[in-house]
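Participant: Let me see the structure of the following:
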Amino acid sequence: MSFAIVTDTSANLPSDLIQKYALTIVPFTFYINGAEHVDMDAELFDAANFFAAMRAGVKVTTSQIPPQRYIDCFEPLLQAGNDVLYVGMSSGISGSYASSEIAAAEMREKYPGRKLRCIDTYGASLGEGLQVLRACELREAGKSVDEAADILLEERKRMCQVFTVGDLKYLRATGRLSGVATIVGTMLSIKPVLKGNELGQIVLSGKVRGRRQVIEDLAARYAADVRSPETQAIGIAHCDCRADADMLIKLIHQSGKVPKEILLVDYEPVTGSHLGPNSLALFFWSDDTVRSR
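Facilitator: From the prediction side, this is the model:
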């Protein structure tokens with residue numbers, strides 16, 4: 001193994017892939033009615049009960065991860081003689097990436113003989129996780145940590161992240177979306193189409209009337225923007241709306257642009273708490289302009 005790969009629980013990767021690629025995971029924290037919980041194992045997370053509790057009014061909050069938590073993950077790898085690549089959650093929606101850079105600066109000074117690179121994916125959930133898997137692919141191809149990091153920095157602009165939510169109040173409450181978009185989203189039966197922009201921020205990308213129509217819109221965007229689907233795994237994440245996710249998968253297959261693989265996951269609790277129940281997201285590789293247009 002030419003270098004160790006570290007990511008965080010926001011990457012939303014299934015446990016089997018974490019084990020397969022020997023990934024080190026920085027655990028993120030969330031709070032339910034003020035009680036602290038650490039997101040450690042996707043297999044143990046009961047998404048149905050979690051999002052049902054949110055529907056019932058249970059308050060879920062998150063906090064910025066301190067630098068020490070990154071140090072706790074980086075340092076054992078560096079001590080063992082590994083170079084390290086950290087592939088992290090978007091700085092556009094969380095301050096935690098800044099903590100990783102603080103930790104990395106301290107570790108570089110302490111271990112000058114080792115290399116430690118941090119990548120801001122400008123993504124979350126599988127928009128981050130697919131970039132982690134790309135890092136694994138590059139490592140298996142024999143790339144050095146610097147070569148892999150430079151490729152990821154160039155390719156991150158190609159990661160398309162489009163999604164819809166059941167209720168914009170969760171994004172509004174956490175300041176992840178402008179008030180104008182919130183007003184639009186609460187009018188009649190208008191459903192928002194949201195995306196991650198070139199800075200990893202959440203922006204309004206469209207408005208559709210009706211839930212089925214917004215799922216059809218996500219599939220249409222995939223059909224228009226996906227590049228070389230037969231060579232890539234794409235991602236779908238949902239907040240306890242499996243039937244909608246299955247509908248999206250069906251529409252993707254009907255588009256004729258069938259991907260090599262579809263990763264289907266429940267949203268992990270940290271990012272999921274900001275989006276809220278019935279959120280549905282689609283992630284895939286596109287071209288260099290997909291985030292900016």
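
Participant: What part of the chain, helix or strand, is modelled with the least confidence?
Facilitator: Least confident helix or strand, the chain: helix 179-185 with a mean of 52, by mean pLDDT, DSSP states H and E.

Participant: Using PDB, list the CA coordinates for the helix or strand that it is followed by.
Facilitator: Downstream of helix 179-185, the next assigned helix or strand under DSSP states H and E is strand 190-196. The C-alpha trace of strand 190-196 is given here as PDB (Å, rounded to 0.1, in the frame of the first residue of the first chain):
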ATOM      1  CA  ILE A 190     -43.300  23.300  -5.800                       C
ATOM      2  CA  LYS A 191     -40.300  21.000  -5.200                       C
ATOM      3  CA  PRO A 192     -36.800  22.300  -5.200                       C
ATOM      4  CA  VAL A 193     -34.000  20.800  -7.200                       C
ATOM      5  CA  LEU A 194     -30.700  21.600  -5.400                       C
ATOM      6  CA  LYS A 195     -27.100  21.000  -6.400                       C
ATOM      7  CA  GLY A 196     -23.600  21.400  -5.100                       C
END
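
Participant: Show me what strand 190-196 is in contact with.
Facilitator: Here strand 190-196 makes contact (Cβ atoms under 8 Å, 6 or more residues apart in numbering) with 90, 92, 122-124, 127, 159-165, 168, 177, 181, 184-185, 202-211, 213-214, 217-218, 221, 291. C-beta: built from backbone N, CA, C; applies to glycine.

Participant: go again using 7 Å as the cut-off
Facilitator: Around strand 190-196, the neighbours that count as contacts under Cβ atoms under 7 Å, 6 or more residues apart in numbering are 90, 122-123, 127, 161-165, 168, 181, 184-185, 202-211, 214, 217, 291.

Participant: same deal with stretch 53-71?
Facilitator: The contact list for stretch 53-71, computed with Cβ under 7 Å, 6+ apart, reads 26, 28-33, 95-96, 99-100, 102-103, 106-107, 270, 273, 276-277.

Participant: Might you calculate how far that stretch sits from the centre of the chain?
Facilitator: The chain centre lies 15 Å from the centre of stretch 53-71; the measure is Cα atoms, centre = their mean, to the nearest Å.

Participant: mean confidence score for that stretch?
Facilitator: Stretch 53-71 carries an average pLDDT of 96.

Participant: Could you do stretch 193-202 as well?
Facilitator: 95.

Participant: Tell me the buried residues in that stretch?
Facilitator: Residues 193, 194, 195, 196, 197, 200, 201, 202 are the ones in stretch 193-202 that count as buried (16 or more other Cβ atoms under 10 Å).
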